[in-house]
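Chemist: only geometry, no sequence info:
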């Protein structure tokens, strides 16, 4: 080899390294694949230990394939980022690599038929969870894995190898999805989320239900047509169609949001999309399990029955609210623990506690029969809103980075597995009519969600969701991890298999085509890019009236909640906010003193002592910037304009908190940021001065 | 409830919160335990799905118990740390809580006999990995869990509940131990480790083997005696005794080291203990698997046979060196990848890559039939030595904190599980004679490791290992996670069960008694505390001659390795070190230019440009401080004393690198630290000036 020294040598080295990873990947695949059946066939007598060891080595090798796939994805995505190549997101890339490995596994390696399975036809009249088999005096323990369709029995024996790279679908719900969903909740940009709360809830709840039913109805029509034409090879009921509607309604615009983040697209659009996608995952998940729970009594299953539907509706409400309550409850407990102990002196303990409490939400919800993933979402939001303020700065970073990493790994793992499974899953049912129908239905379902709701919301909003925003939201309805996990959860029946295959295609198409076309779509729709969130604020000073309307809009919906949160919850759960002694009625004095953290008093005292600032106590204007409390009072004003904006206090207050809620305040201690109200020109200069 | 407001209110609140956690823990235990059999008995017909769901809820509840246990441990340990209470380390506390929950599970909850197991006596002549059972037309899939001892069959059916909180022992080796061991390697304080390398290797390899055989022989004597007295209820061979010796030889002084860290005990003692414990885990693990592999051919098993022993020895060497090579290899690949790509611009990608590569070591080793845990240890050391320098400062923090957290969680999980298992494990064999014998043997085995080896080492060392250090090392021979994991791995036979029970007691005793008495022992042995590692250096200036001898001692052993590492490996694998163009022979010019990172040249150039500092190029004195290269040359000296110490260059060099190797340099760029040689009084002032 001749080395020519150029500036590009690093680039060539990278290529060499990739080759290395690729070669090791393929060698690993081949060696591991080839070794197992060889030894299996040589095993004539029963050597359980050796078999267990063999199976362990096999598992390690399987996992290693995924690890190397992820490594490859990381290296490639680094190159893409390095070269500012935005057509392919890491998730899309992970899918491509997964596909390639799937092809190799499926067609590249020929494994002789595995004969290690045996079917017993013994007279057993039950299928217990644990089975003991007596083989010539020795007892072997077997655990129940699940029921298998009679026509699948041959498949089970046929290609053991491909089945081995297939994970138990519950892995997604118990290991991979929780960190993704928690991260979504924990990293929710609360500022714009709360500002657009009403719209987000409408899209997530109403929109998902609409989308689910529209898709369900359209698919039912499609299925009926297929039955007429004779293209349907098995049962397909209306509940199946609705189930398909539910799983396909969970959007996951991770690709789009990554580009939004990079290009700094309009923050409201970002908040709408992100908030909707976070919540509709939860809605779709609970919705799908409610649909599965729809079981009319008697023989006439799969017909409409009022009580069964009511029961399903009850399950939806019960499971959703139960999971919500559990998630919020553990979040609150964590906040209390971190508030009342001085754990923050020991960052490792603090981070560990945070991690364990967040995980326990999931386990608690699952153990109680609720949905862990939903609980984890609301736990994440609660942790971000309260607990995060109690953590030491070091732990704030640690927890953020930890969940960021877990999210990254889990997400890319799921997407690469998605690619792999297109070839390794053995019961695909690709039905062209169904697929075309599904694509149309998904498109129309999304449209029926976005456009009518936007129209209705715009009636109430003064800061309208413009049509180009609507088109962008329509376009950004990618399907991702949740849709995949829901569809692979149960692939026992013909209907479910067809759904799974179709869902895979929908995910591939949306991630590659819609995800890849985001930048084009942005420029085509003339959506502003390069909007700094700070710039957005300063712009609002010039665009006064429109901005004020946003505030009003969110104010009417959240004034009560905001006041309650600010006056009671924040002081109880964090070190910030006004002392409870000031907000609670006097009769609760002792309780208030007990619950108020010394820091709240300190903050108050510090402010009082420091008379160079604008101090207004006993009034109702209490601003919280991160974890720093600033009490303002119209009476003790030091500056001329102090009283001028006292009237607009509470709603300004809300808006200001929303504006600064998720600014990371690295600085500790007391900082006074002057209220920035766009209607007060005298302050504009001052405000700008403070920001510099 | 009447709240009395005192300064201690926070403390009372903490107590309330604990109560909360405790209550929730017990409620959780009771509810989850009680619910399962009730529904089980009501299940008459086969509802596989419901059963799977039930089992999932059960698993969640089981895991939740452990999570709440860990939470409780964290809260208590915070209080201990807060009050500077050093008698109980978090691991010891985790064990106590585990014990308490174990008692509750064992005696507090009465579960009716589970009837869901069935024993089949069908004419099967094999035990395949997957079993299909045909129950009235439906097929159920079962997976093989393992062989069960004939006399355990009743137990299996007896107490399903206790068996369910028992994890698969492989969980320890595949999930919990790897992060612990990797963290140990990654956080190894290289400075003092390398300085005491010879002694550490002697203790870890020779010492562990000695300890293993001494304990094995003593236990064999004990077992023979028991057989005479008629106290032995089953087979117990010499290999079993040796196996016991191997697993009990793995020390884990985590408790002691935590106190050492806190009290800043002598760094050499710390290095000796930590280095030994890290390496002897690996040695004991491989040793035990080699002993298991000892199987003489023919019927006369359990007798001595030369070839079988040679084979065992070969396995030991092969597995150890194979794992070592794999670990180092992946570490090197990671270093190369991080060096030649600009991944450091994207910290998340970098951290993820680091994590995945480190994990892949484990999987690769397991897939190849080597020992993953050993591979991970050496991977950790390699990563710390090379890759760490290539990471961005942010990723350095992230990776450290990530593995610190994983280590913390895994360690406390293992220790609390240990406590739990004392009551929930159902095949305990507590034999008083064996237990007393084991305690004596463990004591003597440790003594036979420490004292003779220290005597031999002191012949070669000029910086003697003093007798109080020896006593402390003797005392600090705690047994922990690795010993437990090895002993629980296989509890099929009578001998193994007795070993497991005895090992548990050894661990409890050493962690509580030896761990708790560390401070007493330190003061009793008059071992210096409060030794700052910097202070240690400045002291060496006054204690010149003795210090110099240490240097000499490590120099003769490592001069070749050090030169190779510094001149070739560091420049190839990191951005630091001298450019390869200078160290490689001219014929390798193109290769050298290709491999040398531009930064190495830059560092060199910067140094040349900056002529206010002591610049000496083209000489053979190249000092590496962390990732900053400082080239010094006797010819271009700017200061009068520059040439004075040029003669002692290489050995000084080594010592200096060892001294500064693991100082964390937050500052980037070029910083010149003047060489501090104790034999050059003119520089002492200057050096002190630089340090201020």
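Modeler: Yes, it's here. Computed from a predicted structure; not experimentally measured.
Chemist: Below-threshold pLDDT in the stretch 351-500 of chain A: ranges please.
Modeler: Within the stretch 351-500 of chain A, no range satisfies pLDDT under 70.
Chemist: Now for the spatially closest residue to residue A:186 that is not a sequence neighbour, how many residues are close by?
Modeler: Leaving aside its chain neighbours, residue A:186 sits nearest to residue A:380 (4.1 Å; criterion: Cβ to Cβ, 6 or more residues apart in numbering or on different chains). Yep, even glycine has a C-beta here, placed from its N, CA and C like the rest. A total of 26 residues lie near residue A:380 under the criterion other Cβ atoms under 10 Å in any protein chain shown.
Chemist: give the contact list for residue A:380.
Modeler: Each residue near residue A:380 by Cβ atoms under 8 Å, 6 or more residues apart in numbering or on different chains is listed here: A:181, A:182, A:183, A:184, A:185, A:186, A:188, A:327, A:331, A:358.
Chemist: where exactly do the strands run in the stretch 51-200 of chain A?
Modeler: All strands of the stretch 51-200 of chain A, identified by DSSP state E, counting those that start in this stretch, fall at A:118-120, A:130-135, A:138-148.
Chemist: Let's verify the residue nearest to residue A:186: helix, strand, or coil?
Modeler: For residue A:380, the secondary structure call by DSSP: H, G, I helix; E, B strand; the rest coil comes out as helix.
Chemist: who's in contact with the residue nearest to residue A:62 when sequence neighbours are not counted?
Modeler: With Cβ to Cβ, 6+ apart as the criterion, residue A:62 has its nearest non-adjacent residue at 5.3 Å, and that residue is residue A:165. Residues in contact with residue A:165 (Cβ under 8 Å, 6+ apart) are A:62, A:65, A:105, A:420, A:424.
Chemist: Quick check, residue A:253 in contact with residue A:476.
Modeler: Yes. At 4.5 Å, residue A:253 counts as touching residue A:476 under the criterion of Cβ atoms under 8 Å.
Chemist: got any residues that touch both of these two?
Modeler: Residues touching both residue A:253 and residue A:476 by Cβ under 8 Å, 6+ apart: residue A:273.
Chemist: Lowest average pLDDT across the strands of the stretch 51-200 of chain A?
Modeler: Among the strands of the stretch 51-200 of chain A, strand A:118-120 has the lowest mean pLDDT, at a mean of 52.
Chemist: I'd like the contacts of residue A:165 as a markdown table, with distance to residue A:214 and neighbour count appended.
Modeler: Supplementary listing: those in a markdown table, determined by distance: Cβ to Cβ, whole Å; neighbours: other Cβ atoms under 10 Å in any protein chain shown:
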| residue | distance to residue A:214 | neighbour count |
| --- | --- | --- |
| A:62 | 40 | 21 |
| A:65 | 39 | 25 |
| A:105 | 38 | 20 |
| A:420 | 32 | 29 |
| A:424 | 33 | 22 |
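Chemist: can you redo those residues as TSV with distance to residue A:577?
Modeler: Formatted as TSV, the contacts of residue A:165 follow (distance: Cβ to Cβ, whole Å):
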residue	distance to residue A:577
A:62	51
A:65	51
A:105	57
A:420	50
A:424	54
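Chemist: Mind checking which of the residues you listed are in helices?
Modeler: Among these, DSSP state H puts A:62, A:65, A:420, A:424 in helices.
Chemist: Please list all residues in contact with the last one.
Modeler: Under the criterion of Cβ under 8 Å, 6+ apart, the contact list for residue A:424 reads A:102, A:105, A:106, A:162, A:165, A:166.
Chemist: Pull the number of nearby residues for residue A:199.
Modeler: For residue A:199, the neighbour count with other Cβ under 10 Å is 26.
Chemist: And the one 4 residues further on, by the same measure?
Modeler: For residue A:203, the tally of surrounding residues (other Cβ under 10 Å) stands at 28.
Chemist: Poorly predicted segments of chain A, please.
Modeler: For chain A, the ranges with pLDDT under 70 are A:1-49, A:109-164, A:191, A:297-302, A:532-558, A:597-692.
Chemist: Backbone dihedrals for residue A:169, both of them.
Modeler: Per-residue torsions, residue A:169: phi -60, psi -20 (degrees, to the nearest 10).
Chemist: what residues are up against it?
Modeler: By Cβ under 8 Å, 6+ apart, the neighbours of residue A:169 are A:485, A:488, A:489, A:490, A:491.
Chemist: any idea which helix or strand comes after the helix or strand in which the second one is found?
Modeler: Following DSSP states H and E, the helix or strand that holds residue A:488 is helix A:481-489. Elements were assigned by DSSP H and E; along the chain past helix A:481-489, the next helix or strand is helix A:494-509.
Chemist: now the angle from that next one to helix A:481-489?
Modeler: In terms of direction (axes from the mean of the first three to the mean of the last three Cα atoms, to 10 degrees), helix A:494-509 departs from helix A:481-489 by 150 degrees.
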